[in-house]
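Participant: Attaching a predicted model along with its sequence, questions to come.
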Amino acid sequence: MFEKALNYVLSYPKTERQVRQWLSGKGATLEEADEVVEKLKDYGYINDEGYAKLFVEQQRSKQGRGAILTKMYQKGLSREIIEANTAEIDEAIQKDLAKQVAQKWMQGREDSRETRRKLFGHLMRKGFEIDLVRSVVNGGDFEDWD
């Protein structure tokens with residue numbers, strides 16, 4: 001079972017929870033899963049802190065902070081690890097990203113009250129924080145953002 005789990009984590013980094021779920025799906029008992037996970041952690045193949053850093057680094061230029069937080073919780077990372085790794089997400093980068101997403105979404109659409117309402121929802125679903133979304137939607141002159 002250890003060799004199969006090793007191949008699983010070598011394909012792409014995984015959290016402890018992801019490995020436990022995978023092992024459970026493969027029919028491993030709780031004791032077997034504990035043993036395999038501990039062995040993988042000892043060898044450095046499972047490292048939730050390292051995973052969180054890598055995940056935030058990859059995602060912060062793609063989506064809002066809220067979406068990143070949600071995905072990290074879904075992957076089974078602890079609150080402490082999540083807070084430690086998302087605290088450094090730069091607000092300026094998030095604002096630029098929100099503007100880029102808004103600009104792309106607005107292409108080909110008429111700038112109206114209804115369109116901005118829909119844009120607001122779109123940015124919220126992308127995980128941007130509400131104050132940032134309000135700023136982008138209410139302050140955006142979409143023709144000048146090229």
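Facilitator: Everything's here; your move. Numbers count the residues shown, from 1 in each chain.

Participant: for this structure, which spans come out with low pLDDT?
Facilitator: By pLDDT under 70, the low-scoring segments of the chain are 140-146.

Participant: got the domain boundaries for it?
Facilitator: When the chain is parsed with automatic domain parsing, its domains come out as 2-86, 91-144.

Participant: Would you convert these into JSON lines that also reports mean neighbour count?
Facilitator: For glycine as for every other residue, the C-beta is placed from the backbone atoms N, C-alpha and C. What follows is the domains of the chain, written out as JSON lines (neighbours: other CB atoms under 10 Å):
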{"stretch": "domain 2-86", "mean neighbour count": "16"}
{"stretch": "domain 91-144", "mean neighbour count": "15"}
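
Participant: Run through the helices of the protein in chain order.
Facilitator: In the chain, the helices defined using DSSP state H lie at 2-11, 16-25, 30-42, 48-59, 65-74, 79-86, 91-106, 113-125, 130-139.
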